[in-house]
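how would this look folded up:
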Amino acid sequence: MTRVSPSSMARALLLLAAPLLLLSSCFQPTTVDCPAGLVCPEGLKCAANQATCISTDCGDGVIQGSEQCDDGNVVDGDGCSRDCQSTETCGNGVVDRVTNEKCDDGNTEDGDGCSADCNSNELCGNGVTDTAVGEKCDDGNNASGDGCSADCLSTEVCGNGYTDPSKEERCDDGNTVSGDGCSADCRSQESCGNGYVDVAKGEKCDDGNNINGDGCSSDCKSNETCGNGVLDTIKGEICDDGNNVSEDGCSADCRSAEGCGNGVRDGEEQCDDKGESATCNLNCTVRVCGDGIVNRTAGEQCDDKGESAYCNANCTLRACGDGVVNTSSGEQCDNPGPVNSNTCDADCTIAFCGDGFTNITRGELCDTAGNSRTCNADCTPAACGDRYLNTAAGEQCDDGPNSAICDVDCTPTACGDGVTNTAAKEQCDDGNTRDDDDCLGTCKPNICGDSVVNVNGPERPEACDDGNTRTETACDYGTATCDACSGDCKTALALKGNVCGDNARDTANEACDDGNTETEDACPYGQATCKVCRFDCKESLSRTGNICSDNVKDADHEACDDGNTTTETSCPYGQASCQKCSGDCQSVLPLQGNVCGDGMKDATNEVCDDGNTQTESSCPYGMASCQVCRGDCKELIPVTGNVCGDGVADLAHEKCDDGNTTTETSCPYGQANCQRCSSDCQTLLMLGGNVCGDGVQDPSAANEVCDDGNTQTESSCPYGQASCQVCRGDCKELRPVTGNVCGDGMVDPAHEKCDDGNTQTESSCPYGQANCQRCSSDCQTPLMLGGNVCGDGVQDATNEACDDGNTLICGSCSANCKAKTLTVATGTITASSGSQMFDEETFTISDGINTPVTFEVDRDNKLKNNANQRVVLASDTPAAQVAQAIRNAINAVEEPFEIEAAISASSTITVNLTHKLQGSIGNQTITERITNSGFRVSGMTGGSGYDCAQGTKCVGDEDCARDLVCGTNKTCAPPPVVPAP
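Next comes the predicted model:
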C-alpha cells in the first residue's frame with residue numbers, strides 16, 4: 001500500500017478548496033430575501049410589515065430622519081402616509097387626500113382658513129356651512145337667489161337680518177314686523193320716496209320720490225288734494241281744514257284762509273299786505289330775520305329762527321365759502337371763496353396734514369389722509385430715500401442711504417441681493433450666495449487662506465486653499481504623502497512626512513521605531529527574554545526567545561528541538577515514523593513506530609484502518625451514503641456523498657449544482673438576472689426574469705397588477721389630465737391620482753401663464769375689487785380687469801342695496817353699501833300718571849328746523865308761559881290718558897313743526913315720535929323738567945340722509961345736506977342761483 005504523506009494531502013486539499021472558493025465568490029448573492037418570500041433586487045430592502053421592496057428608510061418600521069411616522073409599510077390610509085411624512089390626522093400641517101382632507105393648516109381651530117376637522121377651506125361655495133366664519137348656509141355655489149346668498153351669509157328669507165337683493169329685499173331688520181324701519185315683507189325701508197306705501201308709518205301715498213307737487217307730498221303724508229287736512233303749499237294751498245266748505249276759515253279750494261291776506265289787519269294779525277311784502281310775512285306777522293318764516297321779498301333765502309345746518313343766522317343759505325362760519329352744518333371755519341388758508345381748508349374744515357384735503361397754501365404737496373402709493377402721511381410726495389417709511393408705496397423700509405437694516409432701494413438688507421451695503425457690514429454682494437466666486441455667500445471677499453477654493457473668480461481665482469497662508473514643507477506625522485497649498489493659493493504641493501516603521505524615530509510621536517510596523521513575537525535565538533517595538537511605535541514590549549529544549553525549533557540555530565535534552569531511540573505508539581532530537585538540538589533522529597493510518601489494523605488499539613488518518617466527510621462522488629473509518633481508527637462512521645442535484649457543486653465532477661435536476665429557462669419573479677444550472681450539472685446558465693419596474697407586466701397577478709417601467713409611485717397625472725391611474729412603486733396596485741389642468745387654480749409654469757381656478761374669460765373683477773388680475777379661459781393670457789366697489793356711485797345689484805358715491809356714514813346709503821339709510825329720526829316719551837306730574841313742569845322737543853316747542857303741564861287752566869304748548873292734566877289722570885294728552889298736544893302744534901306723535905302699539909303709556917322729514921337733521925335731543933322719574937324721554941335719533949357736506953360724492957339730493965344739492969359732477973354743492981325775474 002502506498003502511503004500519502006500528510007504534507008502532500010494538505011496540498012491536495014488546498015488545491016481543491018481554491019476553485020470552490022472562487023466559485024463561491026461568483027455566486028455571491030446581490031439580492032435580499034424578505035421574510036414574506038419576496039426577493040428584493042440589489043439596492044432595495046424589505047419593508048417591515050408589507051411584502052414589498054423599498055428604496056428608502058420609509059417602510060422599515062423605524063422612525064428616523066425627517067420621518068413623522070413609520071408603520072413598516074408604504075400604504076396610505078392606515079395612520080401613516082406612504083411617504084412617512086404624515087400621521088394622517090387633522091392639524092399636522094399635511095393635506096391627507098386619502099382621509100378626504102381639503103386643507104390642513106397645522107391646527108384644529110375654526111375660522112383661520114381651514115376648519116377644525118380639515119374638511120373645509122372655509123370659503124363660501126364649497127358646500128360646507130362654516131359657522132365659525134359667519135356662514136349661515138353653503139349650497140356649493142356662489143350664486144344668489146337659490147336659497148343661499150352668494151356670500152353664504154343669508155338663507156334668503158325675510159326676517160333673517162340680511163338684505164337679499166336677489167329676493168327684491170330692500171331691508172331686513174331681523175323680524176317680519178312693519179313700522180320699525182323695515183316692512184314686514186322686507187320690500188321697504190319704510191322711508192318716504194321709495195315707491196312703497198308704508199301704512200304702518202302713516203304714509204298716504206308714495207310715488208317713489210321726495211318731490212312735492214306731483215300728486216304725493218315729499219313726506220308721503222298727503223295726496224296733495226284740497227280737503228285732506230294737509231296744507232300743500234306746492235299746490236297753492238293757503239289752508240286745508242279737512243273739507244271743501246267755504247266760510248269756515250278756509251275756502252273750499254283751500255286757496256284762502258279767509259282772513260290774513262285780504263289786505264285788512266284783522267284780530268291778532270300784526271300786518272296784512274295782501275300777501276308777502278318786505279315788511280310783512282305771508283301769515284300777517286311782521287317780517288323779522290329769525291322769526292322762522294322765509295320772506296323772499298325781503299331777500300331772505302331761509303329762516304330757521306337762528307342758525308341751522310342749512311341756514312345762517314342772517315337768513316342766507318348756508319354754503320361753504322360764504323364767509324359765515326355755520327357750526328350747525330359742521331363748518332369749522334369759512335374762508336370766502338371758498339379758498340384755502342393756513343388754518344382753514346377750502347371745504348370749511350380746520351386745515352391739518354392728514355385731513356385728506358391738499359392745502360397748498362399751508363405747504364401741503366399732497367394729502368391722502370395717511371400713506372398712499374403717491375403720498376406720505378406727512379403730506380409730502382412718496383419717494384424711496386426720503387427717510388419716510390411708506391408701505392402703501394411698496395417701501396419695506398426707508399433709511400435714505402444704506403443702513404444696517406435697509407438698502408438704498410428701500411428693501412431690507414439681505415446678502416445676495418446684489419446691493420453692497422457697507423452699513424450692514426457687507427464687503428461685497430455679487431447677487432448670489434455661492435462660495436466659489438470672488439464674493440462668499442456671507443458677502444465677505446473670498447480670499448486665500450479661508451479654506452474655500454475660488455474656482456470662478458474672476459478677480460482672485462485659486463488653484464487650492466488649505467485654510468492658511470503658509471507654505472508647508474512636510475506632511476503631518478502619520479501621513480507619508482499629502483497634498484498642501486502654497487501660501488498664495490496658486491500652487492498645489494505634494495509633500496512627505498514621518499510614519500511609524502520608517503526606522504527613523506520621531507521623538508515627538510514615537511517611543512521607538514525598528515523599521516517595520518510589526519509587533520515581533522520573540523527575541524533573537526538564545527535570549528529567553530527581550531524588548532521589541534510595538535507595531536505602532538508607541539511602546540516597547542517584553543518578549544521571550546527560542547532556546548534548546550523549549551520544543552520550538554529555531555531553524556537558524558537548531559537542527560531540531562523536541563522539548564527536552566534526551567536522545568530518544570523509538571517513536572511512541574500512534575506514530576509510524578517520527579523524528580526526535582538529540583539532547584543538544586543539533587541532530588535529527590529518524591525513528592519508527594506503530595500508527596493509525598498505516599493500512600494495518602491494530603487489533604488492540606484500532607477498530608478499523610483505511611490507510612489514512614482522515615475522517616472522510618463524504619462518500620466518493622455518485623454515492624449518496626457510505627461508511628468511513630474515523631481518523632483515529634477507533635470507529636466506523638456513516639456519511640453522505642455528492643450527487644448532481646443536491647445543491648452542492650462538486651468541482652471535480654460538476655460545473656454547477658442548483659439543487660435540482662431541472663434545466664430552468666428564467667429567473668424567479670423579482671430577480672432581473674440570475675445563475676442556474678443544467679439538469680446534468682455540467683452547464684452554468686445565465687438567465688433573466690421579470691421585476692417590478694421593467695415595463696413588462698408579470699403574467700401572475702400575485703406578482704404584479706401593473707408595471708409602468710419604474711418603481712416610483714407618481715403623485716400626479718400628466719398635464720391636461722385632471723385624474724388618472726398610476727402604478728404603485730411595488731407594481732401591486734393601480735392608484736387614482738390627480739393632475740394639473742387649466743382652471744384648477746394652480747399655475748403649472750411649464751404649460752400655463754396663469755390659472756384663476758376656472759376656464760372662463762372674465763370681463764370684470766369680483767365685487768369689492770376695483771382692479772384685479774384674472775386669466776383667460778385657456779390659461780395663456782393674464783387679464784387686468786376692473787370691477788364695482790362700494791362708493792363708486794354705481795349700484796351693484798347683486799352685492800349692494802345702494803351706492804351713494806361715497807363710503808362715508810353720511811348720505812342715503814350705509815358706508816358698506818349694504819343698506820339704504822335714508823330714514824327719519826324717531827323718539828319716545830314714556831308717560832307717568834297725572835298725580836306724579838306737577839303744574840308748570842315742562843318738556844321741550846326740537847325738529848331741528850323750526851323753533852323748539854316747549855310743552856307745559858297745565859292743571860289749573862293757566863300757563864306760566866303763554867308761548868308754551870298746553871298739556872291739560874288732572875291729578876287723577878291715568879298714565880295712558882297722559883300719553884294721549886301728550887300725543888294730542890304735540891300733534892296740535894301749528895305748522896311748521898316737523899314732529900308727529902302716536903301711541904305705541906306695544907305700550908299704552910308710550911308716545912312714539914316720528915320726524916316728518918328724512919335726514920339726520922331730525923336727530924335732536926328732547927329735554928324735560930319733570931320731577932317724577934317714571935316720566936322718561938328718548939330721542940330724537942336714527943335719522944340719516946340729507947347730511948353729506950359740500951364736496952362729498954353723491955348720486956342724489958337726498959345724500960347732501962338740506963342746503964345743498966347733488967350737482968352735475970355728482971358732488972354735493974350749493975344750489976344754483978336762480979336769477980330774479
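
just the C-alpha atoms of stretch 814-823, please, in PDB.
The C-alpha trace of stretch 814-823 is given here as PDB (Å, rounded to 0.1, in the frame of the first residue of the first chain):
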ATOM      1  CA  SER A 814     -74.600 102.900   4.500                       C
ATOM      2  CA  ALA A 815     -70.800 103.100   4.400                       C
ATOM      3  CA  ASN A 816     -70.600  99.500   3.200                       C
ATOM      4  CA  CYS A 817     -73.400  99.900   0.600                       C
ATOM      5  CA  LYS A 818     -75.400  97.100   2.300                       C
ATOM      6  CA  ALA A 819     -78.400  99.200   3.500                       C
ATOM      7  CA  LYS A 820     -80.300 102.300   2.400                       C
ATOM      8  CA  THR A 821     -80.100 104.700   5.300                       C
ATOM      9  CA  LEU A 822     -82.400 107.500   4.200                       C
ATOM     10  CA  THR A 823     -84.600 107.400   7.300                       C
END
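
can you map out the helices along the stretch 851-981 of the chain?
All helices of the stretch 851-981 of the chain, identified by DSSP state H, counting those that start in this stretch, fall at 879-891.

need the contact list for the residue of the chain positioned farthest from its centre.
Largest separation from the mean C-alpha position in the chain: T569, at 102.0 Å (Cα atoms, centre = their mean). If you count contacts by Cβ atoms under 8 Å, 6 or more residues apart in numbering, T569 has them with L591. (Each C-beta comes from the backbone N, C-alpha and C, glycine too.)

now do the SS call for it.
What DSSP: H, G, I helix; E, B strand; the rest coil gives for T569 is coil.

show the model's pLDDT score for it.
The model reports T569 with a pLDDT of 79.

cool, and D240?
Predicted confidence (pLDDT) for D240: 86.

got the phi and psi for it?
Here is the backbone geometry of D240 (degrees, to the nearest 10): phi -160, psi 100.

ok, how many other residues are close to D513?
20 (other Cβ atoms under 10 Å).

kindly state the pLDDT recorded for it?
pLDDT, D513: 88.

these two touch, right, it and D506?
Yes. Applying Cβ atoms under 8 Å, one finds D513 in contact with D506, separated by 7.4 Å.

which neighbours do these two have in common?
Common contact partners of D513 and D506 (Cβ under 8 Å, 6+ apart): none.

T914 against T823, yeah?
No. T914 sits out of contact with T823 when judged by Cβ under 8 Å, with a separation of 10.3 Å.

who's more crowded, these two?
Ranked by neighbour count (other Cβ under 10 Å), T914 and T823 place T823 first, with 24 against 21.

mind checking pLDDT for the more buried one?
For T823, the predicted pLDDT is 94.

now do A257
Looking at A257, its pLDDT stands at 66.

got it, and the one 5 residues further on?
Confidence per residue is given as pLDDT, and for N262 that number is 76.

likewise the one 3 residues further on?
In the prediction, the pLDDT value recorded for R265 is 73.

which stretches of this structure have low pLDDT?
For the chain, the stretches with pLDDT under 70 are 1-30, 36, 247, 251, 256-258, 264, 266-267, 980-981.

longest strand in it, please.
Counting by DSSP state E, the longest strand found in the chain is strand 910-918.

export it as PDB, just CAs?
Extracted in PDB, the C-alpha atoms of strand 910-918 (Å, rounded to 0.1, in the frame of the first residue of the first chain):
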ATOM      1  CA  THR A 910     -95.500 105.300  25.400                       C
ATOM      2  CA  VAL A 911     -95.800 108.000  22.800                       C
ATOM      3  CA  ASN A 912     -93.800 107.300  19.600                       C
ATOM      4  CA  LEU A 913     -92.400 110.400  18.000                       C
ATOM      5  CA  THR A 914     -91.600 110.500  14.300                       C
ATOM      6  CA  HIS A 915     -89.900 113.300  12.300                       C
ATOM      7  CA  LYS A 916     -91.800 114.100   9.100                       C
ATOM      8  CA  LEU A 917     -88.600 114.700   7.100                       C
ATOM      9  CA  GLN A 918     -85.900 112.200   6.300                       C
END
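
angle of that strand against helix 879-891?
20 degrees (axes from the mean of the first three to the mean of the last three Cα atoms, to 10 degrees).

so G943 sits against Q918, correct?
Yes. At 7.0 Å, G943 counts as touching Q918 under the criterion of Cβ under 8 Å.

which residues are in contact with both of those two?
T823, V824.

could you pull out the buried residues of stretch 564-583?
In terms of neighbour count (16 or more other Cβ atoms under 10 Å), stretch 564-583 has its buried residues at E568, C571, G574, A576, C578, K580, C581, S582.

equivalent analysis for stretch 599-612, please.
Those would be E606, D609, D610, N612, for stretch 599-612 by 16+ other Cβ under 10 Å.

run through the bridge partners of the nearest residue to the third one once chain neighbours are set aside.
Nearest non-adjacent residue to D610, counting by Cβ to Cβ, 6 or more residues apart in numbering: C629, 4.1 Å away. Beta-bridge pairing of C629, defined through DSSP bridges, involves L636.

where along the stretch 401-550 of the chain do the strands fall?
Taking DSSP state E, counting those that start in this stretch as the criterion, the stretch 401-550 of the chain carries its strands at 481-485, 492-496, 522-523, 529-533, 540-545.
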